[in-house]
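**Student:** how would this look folded up:
(4 chains)
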2 protein chains.
Amino acid sequence: MFIETRHLRSLQAIHAAGSLAKAAEGLHLTQSALSHQIKALERYFDIALFLRNTKPLTLTPSGHMLVHLAQQVLPQIETAEADLKRVASGEAGRLHIAIECHACYEWLMPVLTDFRRRWPEVEVDIRLGLSFEPIPALQRGEVDLVVSSDPLKLPDVAFAPLFDYEARLVMAAGHPLAARQHILPRHLADQTLITYPVQRSRLDVFTRFLQPAGVEPAQWRQAELTDVLLLLVASNRGIAVLPDWVLTDSHQATGLSTRPLTRRGMHGTLYAATRRAEQGCAYLQDVIALAQSGPGMR
Amino acid sequence: MFIETRHLRSLQAIHAAGSLAKAAEGLHLTQSALSHQIKALERYFDIALFLRNTKPLTLTPSGHMLVHLAQQVLPQIETAEADLKRVASGEAGRLHIAIECHACYEWLMPVLTDFRRRWPEVEVDIRLGLSFEPIPALQRGEVDLVVSSDPLKLPDVAFAPLFDYEARLVMAAGHPLAARQHILPRHLADQTLITYPVQRSRLDVFTRFLQPAGVEPAQWRQAELTDVLLLLVASNRGIAVLPDWVLTDSHQATGLSTRPLTRRGMHGTLYAATRRAEQGCAYLQDVIALAQSGPGMR
DNA sequence: CTTTTTATTGAATAATTTTCATCATGTTCA
DNA sequence: TGAACATGATGAAAATTATTCAATAAAAAG
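**Tutor:** Model prediction:
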């Protein structure tokens, strides 16, 4: 293994210029350096690359092979370097987002629509965190941003607060619980609870509301899509607990009511988790800023 | 411009091995060297290439780009290097032959048939030296071997003797001149001379036989192919001067006679001219050795 | 034939890569 | 939990490699 891109660049330049002197100028080298460089190649492979006693330096067949190689290889390297520089400057890159909280999809999409207009070269993708652990995936480099509601203290991951939300009980307008000012755990003991299809340890209703009180809902069923979930609730097949922003005016009109959990309401904060190593990345900062305006922007 | 093939090799090895330490082993480097190398890249592009806090070192998207580049580029370079080494060792290469003497085609073809069996990877080509000067072409690298009958003293071209020949007058068996023991210039003054279609300065009959005696043939006509030329001679349309080897047994049977030019006969030597720079080339040496056995081998 | 341009060469210098030694961190296993 | 082990990072020294300098040779131009 011996050929370096430097050699290929020199070879190509010499071939194009027709002389060491001219090529040296373009390469910001002395012609002596080029002479040594070529000679080193020729000595290593024990072949002549150029015929020296011709007016414009001409290539031997072997020299031609190498120039041909250079013409194939150098453009590839150059475009790769250019891409890298664009990634470094933040112009281009990858933004793979994982969302723990399923409902986040609702407000995230408009944010990303904005984002794509502002950073057209960044490749955007969303992964619903159904079957994998988002934070380890972030650490492994599989995703670049995680929307999560419980910040951790990790050495390599930073959590930036996005906005506060309130988890409220959602039910059909005529539901008996709609009569109450606020909902307590025991009120759900005889209800059918509808959630997104994730394990209960990742559902705030269970971890922060029901389990501390030792209450189990009468039934637990799941729905993948927010709209389907709301449809089930509206038709009195059960109740759900969702962030306040999910209920838009249009939903209100379809006959849904919401009530706070506990007298004070169950409040939380959404965070954007990113790798500390990439905190300087311009488009990451921007997408977080966009997200911080939150569902209110909608 | 910064990326060198060394970087690509390291990147690829690290990716394959999953750790600097293992990769370093395979590359015959220390782990430290690799660490510095990668760090230099990362600093130059201001980008992370690997995530360090993962067990098997994982690539960032940018790192992936570079490994991908390496996988594209390195094989190309490696095959080029392998090709160069084969050329250097003489296994492969190019053998473009120019022949000044047109008749040489006759004995050269069987030699080349042999040659191609022995050096299948060498690309063989023959150029009839009709309209170009073979020796300058050799110097310019357009051809690699010239068959010539007049050796020159040149600093960059070597002439290796192949074999001696005798130029003889060829005529129809019943031709009046066939009665003579040997032919003198004046005997051709009333004859039609048939030659290959090249300028007279490159025909021995003129330069070494007729011109020194101040004799002109009655007519001069030309034929491109040896067989056509002999056909014309056999049908008494003229006479020709050809090297002795051209007349095979089969030609004798078609009713052709030959006689020496001057009492002593006009003898000459064929040479193989090659660039001194390439004299060490194995297949060049071999083709010369094959040619030295000459037309007698046929 | 001289002048100018261009390439080669060896030695000196500059730049770089690599190694060494050490440290920091993390993992494994008792 | 802590000791042993493995892995990567780091700075300084060492080694290697590339480049320049200066002198020379060679070839084209005038």
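
**Student:** give the buried residues for stretch A:154-172.
**Tutor:** Buried positions in stretch A:154-172, judged by neighbour count with 16 or more other C-beta atoms under 10 Å in any protein chain shown: A:157-160, A:162, A:165-172. No exception for glycine: its C-beta is placed from N, CA and C like everyone else's.

**Student:** list the contacts for the residue of the stretch 151-298 of chain A found nearest DNA strand C?
**Tutor:** Using C-beta to the nearest atom of the strand, the single residue of the stretch 151-298 of chain A nearest to DNA strand C is residue A:155, 5.6 Å away. Neighbouring residues of residue A:155 by C-beta atoms under 8 Å, 6 or more residues apart in numbering or on different chains: A:276, B:53.

**Student:** quick check: residues of chain A near DNA strand D?
**Tutor:** Proximity of chain A to DNA strand D is confined to A:4, A:6, A:28-30, A:32-33, A:36-37, A:40, A:53-55 under the rule C-beta under 7 Å from any atom of the strand.

**Student:** wait, which of those is closest to DNA strand C?
**Tutor:** When those are ranked by distance to DNA strand C (C-beta to the nearest atom of the strand), residue A:32 comes first, at 3.6 Å.

**Student:** which strands and helices lie in contact with the helix or strand encompassing the closest one?
**Tutor:** For residue A:32, the host element (DSSP states H and E) is helix A:31-45. Here helix A:31-45 touches helix A:5-17, helix A:20-27, helix B:61-89, going by 3 or more C-beta pairs under 8 Å, 6 or more residues apart in numbering or on different chains; DSSP states H and E.

**Student:** switch the cut-off to 6 Å
**Tutor:** Judged by 3 or more C-beta pairs under 6 Å, 6 or more residues apart in numbering or on different chains; DSSP states H and E, the packing partners of helix A:31-45 are helix A:5-17, helix A:20-27.

**Student:** so which of the ones you listed is nearest residue A:62?
**Tutor:** Residue A:62 sits nearest to helix A:5-17 of all the helices and strands packed on helix A:31-45, at 10.8 Å, using C-beta to C-beta.

**Student:** what angle sits between the closest one and helix B:61-89?
**Tutor:** With axes from the mean of the first three to the mean of the last three C-alpha atoms, to 10 degrees defining the directions, helix A:5-17 sits at 70 degrees from helix B:61-89.

**Student:** tell me the gap between helix A:5-17 and the middle of its chain.
**Tutor:** Per C-alpha atoms, centre = their mean, to the nearest Å, the displacement of helix A:5-17 from the mean C-alpha position of its chain is 40 Å.

**Student:** now do stretch A:125-134
**Tutor:** Worked out by C-alpha atoms, centre = their mean, stretch A:125-134 lies 11 Å from the chain centre.

**Student:** equivalent analysis for stretch A:110-124, please.
**Tutor:** Distance of stretch A:110-124 from the chain centroid (C-alpha atoms, centre = their mean) equals 11 Å.

**Student:** do stretch A:11-25 as well
**Tutor:** 45 Å.

**Student:** just to be sure, residue A:198 is in a strand?
**Tutor:** No - counting by DSSP: H, G, I helix; E, B strand; the rest coil, residue A:198 is not part of a strand but coil.

**Student:** quick check: phi and psi at it.
**Tutor:** phi -130, psi 160 (degrees, to the nearest 10).

**Student:** gap between it and residue A:205?
**Tutor:** According to C-beta to C-beta, to the nearest Å, residue A:198 stands 11 Å off from residue A:205.

**Student:** those two: which is more packed in?
**Tutor:** Per other C-beta atoms under 10 Å in any protein chain shown, whichever of residue A:198 and residue A:205 has more neighbours is residue A:205, with 23 against 16.

**Student:** could you check the pLDDT of the residue lying closest to that one once chain neighbours are set aside?
**Tutor:** Leaving aside its sequence neighbours, residue A:205 sits nearest to residue A:241 (C-beta to C-beta, 6 or more residues apart in numbering or on different chains; 4.3 Å). Note for residue A:241: predicted pLDDT of 95.

**Student:** what's the neighbour count on residue A:295?
**Tutor:** Residue A:295: 22 neighbours (other C-beta under 10 Å).

**Student:** state whether the residue nearest to residue A:205 is indeed within a helix.
**Tutor:** No - Residue A:241: not assigned to a helix; according to three-state DSSP it is strand.

**Student:** wait, it sits on residue A:168?
**Tutor:** No - at 7.1 Å, residue A:241 and residue A:168 do not qualify as touching, with contact defined as C-beta atoms under 6 Å.

**Student:** looking at this, residue A:257 is in a strand?
**Tutor:** Yes - per three-state DSSP, residue A:257 lies within a strand segment.

**Student:** what pairs with it across the strands?
**Tutor:** residue A:171 (DSSP bridges).

**Student:** correct me, but it touches residue A:173?
**Tutor:** Yes - using C-beta under 6 Å as the test, residue A:257 is close enough to residue A:173 to be in contact (5.0 Å).

**Student:** with neighbour numbers in mind, choose between the two.
**Tutor:** The neighbour count for residue A:257 versus residue A:173, taken as other C-beta under 10 Å, is higher for residue A:257 (18 against 12).

**Student:** so who does that one touch?
**Tutor:** A:171, A:173, A:178 (C-beta atoms under 6 Å, 6 or more residues apart in numbering or on different chains).

**Student:** so which of the helices and strands packed on helix A:31-45 gets nearest chain B?
**Tutor:** Closest approach to chain B among those (C-beta to the nearest C-beta): helix A:5-17, 5.3 Å.

**Student:** residues of the closest one that come out buried?
**Tutor:** In helix A:5-17, counting by 16+ other C-beta under 10 Å, buried: A:5, A:7-15, A:17.

**Student:** is that helix up against chain B anywhere?
**Tutor:** Yes - contact of helix A:5-17 with chain B (C-beta under 6 Å from any C-beta of the partner chain) involves residue A:5.

**Student:** C-alpha coordinates for that helix, CSV please?
**Tutor:** Only the C-alpha atoms of helix A:5-17 are listed here, as CSV (Å, rounded to 0.1, in the frame of the first residue of the first chain):
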residue,chain,number,x,y,z
THR,A,5,-4.3,10.9,-2.9
ARG,A,6,-1.5,13.5,-3.0
HIS,A,7,0.2,11.4,-5.6
LEU,A,8,-2.9,11.2,-7.7
ARG,A,9,-3.4,14.9,-7.5
SER,A,10,0.1,15.6,-8.6
LEU,A,11,0.0,13.1,-11.4
GLN,A,12,-3.3,14.5,-12.7
ALA,A,13,-1.9,18.1,-12.4
ILE,A,14,1.3,17.2,-14.3
HIS,A,15,-0.7,15.5,-17.0
ALA,A,16,-3.0,18.4,-17.4
ALA,A,17,-0.3,21.0,-17.3
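
**Student:** tell me the angle it makes with helix A:31-45.
**Tutor:** Interaxial angle of helix A:5-17 relative to helix A:31-45 (the same axes, to 10 degrees): 110 degrees.

**Student:** relative to helix A:20-27, how tilted is helix A:5-17?
**Tutor:** 120 degrees.

**Student:** show me what helix A:5-17 is packed against.
**Tutor:** Applying 3+ C-beta pairs under 6 Å, 6+ apart, we find helix A:5-17 packed against helix A:20-27, helix A:31-45, helix A:61-89.

**Student:** can I get those in CSV including mean pLDDT, mean neighbour count and distance to residue B:293?
**Tutor:** Shown next, in CSV, are the helices and strands packed on helix A:5-17 (pLDDT from 0 to 100; neighbours: other C-beta atoms under 10 Å in any protein chain shown; distance: least, C-beta to C-beta, whole Å):
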stretch, mean pLDDT, mean neighbour count, distance to residue B:293
helix A:20-27, 94, 18, 43
helix A:31-45, 94, 15, 32
helix A:61-89, 91, 18, 27
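
**Student:** got any ranges where the stretch 151-298 of chain A has weak pLDDT?
**Tutor:** A:252-253, A:294, A:296-298 (pLDDT under 70).

**Student:** for it, just list every one of the helices.
**Tutor:** A:204, A:211-213, A:226-234, A:249-253, A:282-292 (DSSP state H, counting those that start in this stretch).

**Student:** how's chain A carved up into domains?
**Tutor:** In the domain annotation for chain A, the residue ranges read A:5-89, A:93-162+A:269-297, A:163-267 (automatic domain parsing).
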